[in-house]
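Chemist: the sequence isn't on hand, but the structure is:
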């Protein structure tokens, strides 16, 4: 380690150092499962002791939960639709970013889905919060920003569509079976208005 590197590290506040370690954890999670993301691995990659990592996170479970929350925040930020444009174009931009995210972070994303289904209450809460953020933005804050008009019926359909979209993307990653990326995006984008279209007109 150079003197300059040591000096740079010493100038970081505890919050900055913890944030730096979380960023590293998220990068490592992109190519491995949550179970493979160990304190030892992060300590080795960061060039610090295991004891210092426990000082920042307390336990392996708390470390996993902190990394998953940071990854979920990244997913929400990266998949935000543009604030202007036609509804289907805005949806396409958002779903393209979602597909890219899962493609780049497949191992970590898949392990989060499995962990949320496996009974870990905190990871399930993080997963549900991320899912809610992704679906809420479909409705927007006003009539100008809505991709879908918000009603109790459309909220139910959008929730089901989000689960469908996740299953399509993960299934395609596991076995593309001759389906192109563009075809997957068509399914993701066009399925939402098709579902909403089956509802009777709302006054």
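Modeler: On my side now, so go ahead. Computed from a prediction, not measured in an experiment: that's the story for all the values here.
Chemist: ok, and the closest non-adjacent residue to the residue nearest to the spatial centre of the chain?
Modeler: Nearest to the geometric centre of the chain sits residue 75, at 3.4 Å (Cα atoms, centre = their mean). Taking Cβ to Cβ, 6 or more residues apart in numbering, and ignoring the residues beside it in sequence, residue 75 has residue 101 as its nearest neighbour in space, at 5.5 Å. From N, CA and C alone the C-beta is placed, and that goes for glycine too.
Chemist: report pLDDT for the one you found.
Modeler: We have a pLDDT of 93 for residue 101.
Chemist: what do you get for residue 80?
Modeler: Value for residue 80, per-residue pLDDT: 91.
Chemist: next one: residue 142
Modeler: Per-residue confidence (pLDDT) for residue 142: 48.
Chemist: repeat for the one 4 residues further on
Modeler: At residue 146, the model reports a pLDDT of 71.
Chemist: I'd like to know which elements whatever helix or strand the residue nearest to the centre of the chain lives in is packed against.
Modeler: Element membership for residue 75, per DSSP states H and E: helix 60-78. Contact here means 3 or more Cβ pairs under 8 Å, 6 or more residues apart in numbering; DSSP states H and E; on that basis helix 60-78 packs against helix 14-29, helix 39-46, helix 50-57, helix 87-104, helix 106-117, helix 121-139.
Chemist: among those, which is nearest residue 162?
Modeler: helix 121-139 (5.0 Å; Cβ to Cβ).
Chemist: what comes up buried for the closest one?
Modeler: 123, 126-127, 130-131, 133-135, 137-139 (16 or more other Cβ atoms under 10 Å).
Chemist: domain ranges for this structure, per the record?
Modeler: 12-62, 67-197 (automatic domain parsing).
Chemist: and the shortest one, end to end?
Modeler: What that stands for is domain 12-62. 22 Å (Cα to Cα, to the nearest Å).
Chemist: mean confidence for that domain?
Modeler: 89.
Chemist: quick one: that domain to chain centroid distance?
Modeler: 19 Å (Cα atoms, centre = their mean, to the nearest Å).
Chemist: do the same with the longest one
Modeler: Here the centre of mass of C-alpha atoms in domain 67-197, compared against the chain's by Cα atoms, centre = their mean, lies 9 Å away.
Chemist: can you tell me the distance between the two ends of that domain?
Modeler: Domain 67-197: ends 39 Å apart by Cα to Cα.
Chemist: count of residues packed around the closest residue in space to residue 106 that isn't next to it in sequence?
Modeler: The spatially closest residue to residue 106, leaving aside those adjacent along the chain, is residue 173, at 5.5 Å (Cβ to Cβ, 6+ apart). Residue 173 has 15 neighbours, counted by other Cβ atoms under 10 Å.
Chemist: show me what counts as buried in the strand or helix carrying residue 169.
Modeler: Using DSSP H and E, residue 169 sits in helix 152-174. For helix 152-174, a neighbour-count test (16+ other Cβ under 10 Å) marks 154, 157-158, 161-162, 164-166, 168-169, 172 as buried.
Chemist: can you redo those residues as a markdown table with distance to residue 58 and pLDDT?
Modeler: Formatted as a markdown table, the buried residues of helix 152-174 follow (distance: Cβ to Cβ, whole Å; pLDDT from 0 to 100):
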| residue | distance to residue 58 | pLDDT |
| --- | --- | --- |
| 154 | 42 | 92 |
| 157 | 41 | 93 |
| 158 | 37 | 94 |
| 161 | 38 | 95 |
| 162 | 32 | 95 |
| 164 | 37 | 96 |
| 165 | 35 | 95 |
| 166 | 31 | 95 |
| 168 | 37 | 96 |
| 169 | 33 | 96 |
| 172 | 38 | 95 |
